[in-house]
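[1] need coordinates for the below:
(5 chains, ligands or ions: 31)
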Amino acid sequence: MTQLQPQSFVSNFSSQAEETDYFDYFYNEPGSEPGTLNIEPTARPSRIILIDYDEDDAIRKVDISPNALLPYLGKNSVSWMDVQGLGSEEVLREVGTIFDLHPLLLEDIVNVPQRPKLDEYKDKLMFIAHMVRRHDGVDGFVTEQVSFILGKNYLVTFQEEELEDCFDLVRERIRNNQGKVRQSKADYLAYLLLDSLIDGYFPILEHYEERIEVLEEKIISEPDRKIMQEIYSIRRELLALRRLLWPLRNVLNLMIRDDHDLLTQEVQIYFRDCYDHVIQILDILEAYRELASSLMDAYMSSVGNKMNEIMKFLTVFTAIFNPLTFIAGVYGMNFENMPELKWSWAYFACLGVMFSIASIMIFLFWKKGWFKTTYSLDEE
Amino acid sequence: MTQLQPQSFVSNFSSQAEETDYFDYFYNEPGSEPGTLNIEPTARPSRIILIDYDEDDAIRKVDISPNALLPYLGKNSVSWMDVQGLGSEEVLREVGTIFDLHPLLLEDIVNVPQRPKLDEYKDKLMFIAHMVRRHDGVDGFVTEQVSFILGKNYLVTFQEEELEDCFDLVRERIRNNQGKVRQSKADYLAYLLLDSLIDGYFPILEHYEERIEVLEEKIISEPDRKIMQEIYSIRRELLALRRLLWPLRNVLNLMIRDDHDLLTQEVQIYFRDCYDHVIQILDILEAYRELASSLMDAYMSSVGNKMNEIMKFLTVFTAIFNPLTFIAGVYGMNFENMPELKWSWAYFACLGVMFSIASIMIFLFWKKGWFKTTYSLDEE
Amino acid sequence: MTQLQPQSFVSNFSSQAEETDYFDYFYNEPGSEPGTLNIEPTARPSRIILIDYDEDDAIRKVDISPNALLPYLGKNSVSWMDVQGLGSEEVLREVGTIFDLHPLLLEDIVNVPQRPKLDEYKDKLMFIAHMVRRHDGVDGFVTEQVSFILGKNYLVTFQEEELEDCFDLVRERIRNNQGKVRQSKADYLAYLLLDSLIDGYFPILEHYEERIEVLEEKIISEPDRKIMQEIYSIRRELLALRRLLWPLRNVLNLMIRDDHDLLTQEVQIYFRDCYDHVIQILDILEAYRELASSLMDAYMSSVGNKMNEIMKFLTVFTAIFNPLTFIAGVYGMNFENMPELKWSWAYFACLGVMFSIASIMIFLFWKKGWFKTTYSLDEE
Amino acid sequence: MTQLQPQSFVSNFSSQAEETDYFDYFYNEPGSEPGTLNIEPTARPSRIILIDYDEDDAIRKVDISPNALLPYLGKNSVSWMDVQGLGSEEVLREVGTIFDLHPLLLEDIVNVPQRPKLDEYKDKLMFIAHMVRRHDGVDGFVTEQVSFILGKNYLVTFQEEELEDCFDLVRERIRNNQGKVRQSKADYLAYLLLDSLIDGYFPILEHYEERIEVLEEKIISEPDRKIMQEIYSIRRELLALRRLLWPLRNVLNLMIRDDHDLLTQEVQIYFRDCYDHVIQILDILEAYRELASSLMDAYMSSVGNKMNEIMKFLTVFTAIFNPLTFIAGVYGMNFENMPELKWSWAYFACLGVMFSIASIMIFLFWKKGWFKTTYSLDEE
Amino acid sequence: MTQLQPQSFVSNFSSQAEETDYFDYFYNEPGSEPGTLNIEPTARPSRIILIDYDEDDAIRKVDISPNALLPYLGKNSVSWMDVQGLGSEEVLREVGTIFDLHPLLLEDIVNVPQRPKLDEYKDKLMFIAHMVRRHDGVDGFVTEQVSFILGKNYLVTFQEEELEDCFDLVRERIRNNQGKVRQSKADYLAYLLLDSLIDGYFPILEHYEERIEVLEEKIISEPDRKIMQEIYSIRRELLALRRLLWPLRNVLNLMIRDDHDLLTQEVQIYFRDCYDHVIQILDILEAYRELASSLMDAYMSSVGNKMNEIMKFLTVFTAIFNPLTFIAGVYGMNFENMPELKWSWAYFACLGVMFSIASIMIFLFWKKGWFKTTYSLDEE
Ligand SMILES: [Mg+2]
Ligand SMILES: [Mg+2]
Ligand SMILES: [Mg+2]
Ligand SMILES: [Mg+2]
Ligand SMILES: [Mg+2]
Ligand SMILES: [Mg+2]
Ligand SMILES: [Mg+2]
Ligand SMILES: [Mg+2]
Ligand SMILES: [Mg+2]
Ligand SMILES: [Mg+2]
Ligand SMILES: [Mg+2]
Ligand SMILES: [Mg+2]
Ligand SMILES: [Mg+2]
Ligand SMILES: [Mg+2]
Ligand SMILES: [Mg+2]
Ligand SMILES: [Mg+2]
Ligand SMILES: [Mg+2]
Ligand SMILES: [Mg+2]
Ligand SMILES: [Mg+2]
Ligand SMILES: [Mg+2]
Ligand SMILES: [Mg+2]
Ligand SMILES: [Mg+2]
Ligand SMILES: [Mg+2]
Ligand SMILES: [Mg+2]
Ligand SMILES: [Mg+2]
Ligand SMILES: [Mg+2]
Ligand SMILES: [Mg+2]
Ligand SMILES: [Mg+2]
Ligand SMILES: [Mg+2]
Ligand SMILES: [Mg+2]
Ligand SMILES: [Mg+2]
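    Ligands and ions are numbered 1, 2, ... in the order given. Predicted coordinates for the structure are as follows:
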């Protein structure tokens, strides 16, 4: 048996997250047989990584076949079977057979994404949650469904991809026998993984906090169309985040409220902590959603303010030059009898009157406060 | 007895869906006798298609008379009586008599559309749901009420039309003995049909997803009045969709919560899957509704932005030409003593001054950023 | 005993519904004695119409005095006492005494309008509902409170006016022994009347459906101020409708949920149908309210769009004529040395230049799409 | 013992209600001793008015000292101790001692205003409500906290001021032995007072109904800034009203739901009537709040409409005079070779052309409907 | 043992509250060991202040080490251990060991901020709340988490900083044996502290009341961009306040509803008072939030109104001078045959006509009410 090899834990980075479909959902062709598995052509082949441990020992086996899992189920040690990639129907069906999964349950695991949910069976507890991850440089986040099957001595997890997940620190603690994981049962492992998954939402929250702060700045200094788009995007993505977390809250509530054969009371206290975190994340999410909606209001009134500024500018020009041009027009008339035209100082007087009118106009506008542009507030 | 004939399953396409009444409802004349059946003049004559099957055999009888159904009710096999068309009062009343339907129940079946609902009787379970279908080419969807009467060995369904429905794949599985339908009872058949009906909502969701995506694009590039109309239509139709699904959710919740004589626990697990799907559809529907409402906000601020652009344009023209026209006016005055007029280079100096003023104006506006039209964002 | 006379059932039409107070409510002077009856000066004198029937016979007595009702209470037949008009305090008090009504109950019956409600007493069930009716030609609706006292063998109803109500078809069925009313008890009669009353809300719904459809049309073709007013009116009236129906829903829910001595289970099934209808009406009402609010959004953005159109128009004029007028101004200057003035073809060249500038301007605006007025969409 | 003297019941009017603090609340200095009484310097000295009655007799004692109340507590008659003014700490503490009030309870009574609430103790029921009153001439309302302590044979009420309250009609009925008050216990008295207090909200509702109606008129005829302020005020005050009534609803709900030693079932029926009234008031309040918010929408679109009117006006002037001024400019140019200038009829032709252009412009605008000002709708 | 020294109670003021993060939350690195304590570099070193008292005596010990607390736990007197500063991991872990705190509980205490919550353990009750404080001169507030561990004879509190808190008046009452604190148990002390903490929210409410009042004034007199920002800030901060109070309400609800070994019924009555206060604060908070949102509406319509004013100004200038300039242009034309030019009084007549046109225009605008600026309302 190979010992755990830390360097092989993490593999290559996902680069296929260009265009996230935040409101994705799965459905089979209407009328198709219940339990139909939908293997997408782009789905990664399924590989199984086994980590089996007890207080004394911990082994890790990569690319193990489903049938090779059987001996570990009988043992008293905790077996974590991590199925990565949902592309190999045969492998998935075999796993389903070994763990006696209901066809509809396997359907929910494979036909991703599904809403987070908890299903309880006689001898196992099944729940679905979603890992979130930032993509590098780009705004927003990507999600990946993780399905958990918690049995007496084992935990099966299903991930969409074999790429980096948020469980590496847990794997390391198992390998190095840190904390109490090696002294605990499969339910504690399930908690550790779910806790890591949930903690992964906090960096996403920070991402939105930053974007909202940037918007708060920009709306004051330079309201343009991009702001509207950005507010729309933020509202859209926060909405998508909430869709992932709201049902997860119910899942955790069921876990800590009810009596479950597979969860000891001691571990339920730990899940209560997960529940606290989900509540807190949802709380902040709602706050951000309200802020984004207040920002939209602020942006709208800011567009109206900008229009007022432009209008004032236009009005100032019109109000100053209209009277002057009119006077010039009067003395451009060709009446024969226009006495003023003959006075030698008339032209200069006329210029003087024009200058006075302009000055008075400018003074009046200045008094009205139209020149202190209320627009760029920071200069005041 | 005729064997099942696949080619006769589907018939001609509905082409009468030009103008959908999304908020249709039925009511009898106030004060009319309870149990009054409203046979609309355009309603299709009722025909009954019987499919009777057990593990060994499956027969199909088209255009069978109500009385000819009686022998099948006593048999142990599963009998699916599909009543298509609600136009023949006599046939419908006979079916009501044979299955001992309460007059108010028959009223709900015939006087379509009704809200989805579940009524439980001693020996039968009745529920109403609505099939949805896209019409070809046109936006939106059409609905058709399907009423289910689930008895011990039989399932009666009532459809408004004899046209294409979403049950053909189920019929095929019965005929070909695929899956476990032929090994199961009438409750499993009810599940299969309801599941097909519910899965039919997903393509409708996709339709709205596409329309929302188109709008998201358009609001950036070319905000015009059609957008407002389209947002309004989408909000209206999503509202109509929710009216169909929200009560259906309650129907399914009752089905999977309570203990029903006519639903085995095993089949209730299947209905739980239907419930999951309805929840998911409602979830996405709410998300789309929020997106549509955010889009309205975005569109409104976009109209304001466009106005700002137009105003800037107007102001630029006014601000450049008003001073120039004024200067031209001054030197068009007819005062006798205007020394400048006589200088030979004065005209050219005047043109030069005008050019300078125009240039300075343009430069100032350019500095203010008024020429980089923030409108067509894609070019930046 | 007089036989039922159909021709005397309906009387003259109400013509006093000019100005409906949609949010009317009743209150006695603060501090006044509980049970104080408020007889409005305009209230119609109270008359009692008795319809007494069993399987074999049905009689009708008009303008019967309260005391003459006593013999009918002892009989096994069903007695429907319909009190029309709330203007005769003495008559109402006598009725109160005969049926042993609590002073507060009588207060609720007489001091109209009250919220729909259900009060249960030892030997009777009291509920209040409101009849709605369109007034001819005018928009909106009028309401009339109907109070029901259901006892063992009798049903007392109180109406505000003796005018047309929605119960005539029920009266006719009693007279002609149609349906099962003559074979049933007083609770079935209560159902029949309440069902008629509720069905009377559907034509009102249709009225609002039409008004909303008209608005949907108009907002596209010709957004003017009347639209705003109409939307406001619709929102106001739908709000008033909901105030009548929401508590009625609770009344019916109590009727079908709980066990009542005076309602047989068989008749409760019928009331369940009433409940379905109220739910459906409320459902549509909410949909209409959301539509009206979406229409307000659409109208607002439509006002902004119209402003953009006007602004474009103004800008086109300004942008074309400002440069031209400036050029004309230049050559109207009186400098002595302006060589162009002497060229014989200069004037025509100048006109040519002006024409070119105008043409280029128009072309640019046309390219920008400012001439295809996005306003009247239907022509595109 | 003095007999009840009606003339001394009411005293002088409050004139200190200039500036109502609609969202007032009380708090002690953070960290101060629980039970600290806050006697505001402006608080009125406390006086106690005792009214003691049974079927046979009714006496009234003004300015009785707390200790003088003791003999009445032992008697079988009903004793209503009305404490008016919260300014005398000593008196209030003595009352607290006599009736054995918890320090926190006394705090709630004295440190006004508190939220309406119901506290149940072994031998007494305590509840808080708020009297509302219009001030003369001014918009809005003033409130005064009334606290009730209901014991076996007594009712203690605490009012903030000794001024007019809404209980005079009740006092008169006690004095004149009208109604059943003298035949009833202290719980019926509590009902009578609370009912009077609640009925006092209806005139306030009417006040807001009128203000909303005025706004509905004004928005059509003359939308100005005062409307915005008035809508804001109405929303603010209705919000304040709801804060008083919503918790009062809960108080009454507890009173009529639960079993209370101090409330007989017969009197609970009366409190049910109070509950009905509170529900009705809240109902109408919510309706008014929705109307006020719809009015805000209407006002906003009305501001936009007005801008369209102004813009049309400006555009009409610009579009008519720009071409004319341009033509005048052309023939004011000084080119030597301008043949038209020499034609003798040219000037008149030019004027004719100008007139035609103006006429055509005006005709086109008239066709476009820009002259029928959609603004003042009433004239159409 | 040192006697309590009042002068050492309060120390230096916090000056680090420049930029409050109103939506702060804590999270450990995803995947980190449960129970990981996050000691921020800026966190203050932890010091413990012990106050131990019974009816007879009260001592205070500053900077006591965790182990020195042990003797006090066995005693019958009440021991209040106040841990100030969360910067010393060792001290905190020792305290955790002494009081047998679950690692997750200690995590919640140290890794601030957490949502308010109540956790019940066999022999202790733990709850979290947040102190709020105004910073001097600046708008807004700062928060500090306070965690309470209530045991049989002791109360442990954890504060983030050693600076001024809101508990000094309680400390003084212990020292001076005022009120009933020295005669009571630890649960009463917990109440006193929580009550002080909650009362500290009222001055914050007043702060927002003032800011809203200022806005109400300003929107009428001078609507500028700063108003929009201020409304946004208020909405944001009220949202943050609600996040602190809403879960605190639940904490208190649990405290007063359920039966707790560590809370006597007598003290639960006191906590009920705290609950009342939290409800009242939340109530007012919601009212302020609605007011802030109404203010946003008012501000938006006010921006539109201001635009109307500017537009009117522009239109007046355009409408007066366009016709005049046109007339001047006409008589500036150079046609040879323009008879008027030769009339000696023509120029003066022309000026007269111009003056008349201007006067009529001004009169018409005055009639239309465009000169009474509806903007500065206070002058009217
Ligand atoms: Mg998709
Ligand atoms: Mg399916
Ligand atoms: Mg997928
Ligand atoms: Mg993965
Ligand atoms: Mg965590
Ligand atoms: Mg357990
Ligand atoms: Mg925690
Ligand atoms: Mg219809
Ligand atoms: Mg009916
Ligand atoms: Mg139909
Ligand atoms: Mg069909
Ligand atoms: Mg499905
Ligand atoms: Mg599923
Ligand atoms: Mg009224
Ligand atoms: Mg009353
Ligand atoms: Mg009335
Ligand atoms: Mg009537
Ligand atoms: Mg009906
Ligand atoms: Mg029905
Ligand atoms: Mg205040
Ligand atoms: Mg306090
Ligand atoms: Mg006060
Ligand atoms: Mg008073
Ligand atoms: Mg009342
Ligand atoms: Mg009543
Ligand atoms: Mg932060
Ligand atoms: Mg963690
Ligand atoms: Mg922190
Ligand atoms: Mg501190
Ligand atoms: Mg307090
Ligand atoms: Mg209190």
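[2] residue in the stretch 101-250 of chain A nearest to chain D?
    When Cβ to the nearest Cβ is the measure, the stretch 101-250 of chain A has its nearest residue to chain D at residue A:228, with 18.9 Å between them. Every residue, glycine included, has its C-beta placed from N, CA and C.
[3] sec struct for that residue, please.
    Using DSSP: H, G, I helix; E, B strand; the rest coil, the secondary structure recorded for residue A:228 is helix.
[4] correct me, but it touches residue B:303?
    No - contact between residue A:228 and residue B:303 fails when scored by Cβ atoms under 8 Å: they sit 11.0 Å apart.
[5] more neighbours: those two, which one.
    A direct count of neighbours by other Cβ atoms under 10 Å in any protein chain shown for residue A:228 and residue B:303 places residue A:228 higher, at 26 against 23.
[6] which residues touch the more buried one?
    A:296, A:299, B:298, B:301-302, B:305 (Cβ atoms under 8 Å, 6 or more residues apart in numbering or on different chains).
[7] those residues into CSV, with extra columns for secondary structure?
    CSV is the format used below for the contacts of residue A:228 (three-state DSSP):
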residue, secondary structure
A:296, helix
A:299, helix
B:298, helix
B:301, helix
B:302, helix
B:305, helix
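[8] of all the residues you listed, which two lie farthest apart?
    Using Cβ to Cβ, the pair of the contacts of residue A:228 lying farthest apart is A:296 and B:305, separated by 13.3 Å.
[9] what residue in chain A comes nearest to ligand 21?
    Closest approach between chain A and ligand 21, counting by Cβ to the ion: residue A:283, at 27.5 Å.
[10] can you count the residues close to that residue?
    As a burial measure, residue A:283 scores 16 neighbours (other Cβ under 10 Å).
[11] same check, this time on residue A:367
    Residue A:367 is surrounded by 9 other residues when neighbours are defined as other Cβ under 10 Å.
[12] in three-state terms, label residue A:43 for me.
    Reduced to three states by three-state DSSP, residue A:43 is coil.
[13] ugh, typo on my part, it should be residue A:137
    When the rule is three-state DSSP, residue A:137 gets the label coil.
[14] pLDDT score for it?
    Per-residue pLDDT puts residue A:137 at 75.
[15] where's it relative to ligand 9, distance?
    Remark: distance between residue A:137 and ligand 9 (Cβ to the ion, to the nearest Å) = 64 Å.
[16] distance check, that residue against residue D:281.
    58 Å (Cβ to Cβ, to the nearest Å).
[17] of these two, who's got more company?
    A direct count of neighbours by other Cβ under 10 Å for residue A:137 and residue D:281 places residue D:281 higher, at 24 against 5.
[18] so that one sits against residue D:199, correct?
    No - taking Cβ under 8 Å as the contact criterion, residue D:281 and residue D:199 are not neighbours in contact, 9.5 Å apart.
[19] on that earlier part again, mind telling me what element the residue of chain A closest to ligand 21 is part of?
    Assigned by DSSP states H and E, residue A:283 belongs to helix A:265-330.
[20] same thing with residue A:207?
    Taking DSSP H and E as the definition, residue A:207 sits inside helix A:201-221.
[21] residues in contact with whatever residue of the stretch 51-200 of chain A ends up closest to ligand 7?
    With distances taken as Cβ to the ion, the stretch 51-200 of chain A approaches ligand 7 most closely at residue A:195, which sits 9.8 Å away. When contacts are counted by Cβ under 8 Å, 6+ apart, residue A:195 touches A:270, A:273-274, A:277, E:34.
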